[in-house]
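S.K.: generate a structure from the sequence data that follows.
(one chain, ligands or ions: 1)
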Amino acid sequence: MVAQVVILLGPPGAGKGTQARRLSADLGVPHVATGDMFRANVEEGTELGRRAQEFMNTGRLVPDDLVTEMLFVRVDGVDCGDGFVLDGFPRTVGQADTLDRGMDGRWTSSVASLEVPDEALVERASGRLLCREDGNHIHHAIFSPPVTEGVCDQCGGALYRRDDDVPEVVAERLRVYREQTAPVIEHYAQNGRLLPVDGNQSPDDVHRALRETLGSSTVEGGK
Ligand code: AMP
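M.R.: Numbering: from 1, shown residues only. All right, here's what the predicted structure looks like:
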């Protein structure tokens, strides 16, 4: 059987991370997020992290060759053999072409895109509070503020903001998204492979809609 990959597309702040984690738990396959991989490299002080950081801090995309190499090393891991959920990749048409070629015969893919109106995106990303202990514990300064400031309600871990979630950088990420990543949506739409999902609902409703759209053949069991 050819393993199944779910590609989750959408602008910054659309909820890709939250939904990709839930789908990965449903499917029992890894969540592969290029942004998380870069942040781990930055934290570990690797050469890749050092090179990626200047792009990330200003809201620009890391060059394709750095991203694709890192991605293919990751998905060559045995744990990805049965499939994976891809979050934050591809972000350029070049990356999408490389991915199409790299998947050929090894994996088949479903491509879902989370649609959220622009005005909601800046507000969502700019208020995001992440938990240092568990990436699944996501708060928001306005929509789901923690009971105690700076402390995760679920586990007591410290909450922090991503360096690139400040409004100026979010605005630049959105501009870059429109310029370089929107054509990726078009790329999959033209191939008849795009499954649009309304991302402007509660996280539970988006999760339900995603599961329905992706179909029971892809998402089995789980919550
Ligand atoms: P994310 O966590 O997906 O929002 O990614 C954070 C940042 O990492 C982005 O703003 C980019 O600078 C970089 N990044 C992540 N994935 C990619 C990608 N596929 N191509 C280029 N840059 C990326």
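S.K.: which ones are touching the closest residue to His31 other than its chain neighbours?
M.R.: Excluding the flanking residues, the one nearest His31 by Cβ to Cβ, 6 or more residues apart in numbering is Ser24, at 3.8 Å. (Glycine included, C-beta is placed from N, CA and C.) In this structure, Ser24 makes contact with Pro30, His31, Phe84, Val85, judged by Cβ atoms under 8 Å, 6 or more residues apart in numbering.
S.K.: report pLDDT for the first one.
M.R.: Which is Pro30. Per-residue pLDDT puts Pro30 at 96.
S.K.: tell me the secondary structure of Phe84, please.
M.R.: At Phe84 the chain is in strand, as set by DSSP: H, G, I helix; E, B strand; the rest coil.
S.K.: pretty sure it sits against Ala33.
M.R.: No: checked against Cβ atoms under 8 Å, the pair Phe84 and Ala33 is beyond contact range at 10.1 Å.
S.K.: confirm that the residue nearest to His31 sits in a helix.
M.R.: Yes: counting by three-state DSSP, Ser24 falls inside a helix.
S.K.: so the residue nearest to Gly49 when sequence neighbours are not counted, which state does it fall into?
M.R.: Of all residues not flanking Gly49 in the chain, Asn41 sits nearest, at 3.2 Å (Cβ to Cβ, 6+ apart). Per three-state DSSP, the secondary structure class of Asn41 is helix.
S.K.: what's the burial count for Asn41?
M.R.: For Asn41, the count of nearby residues is 18 (other Cβ atoms under 10 Å).
S.K.: appreciated, that's everything.
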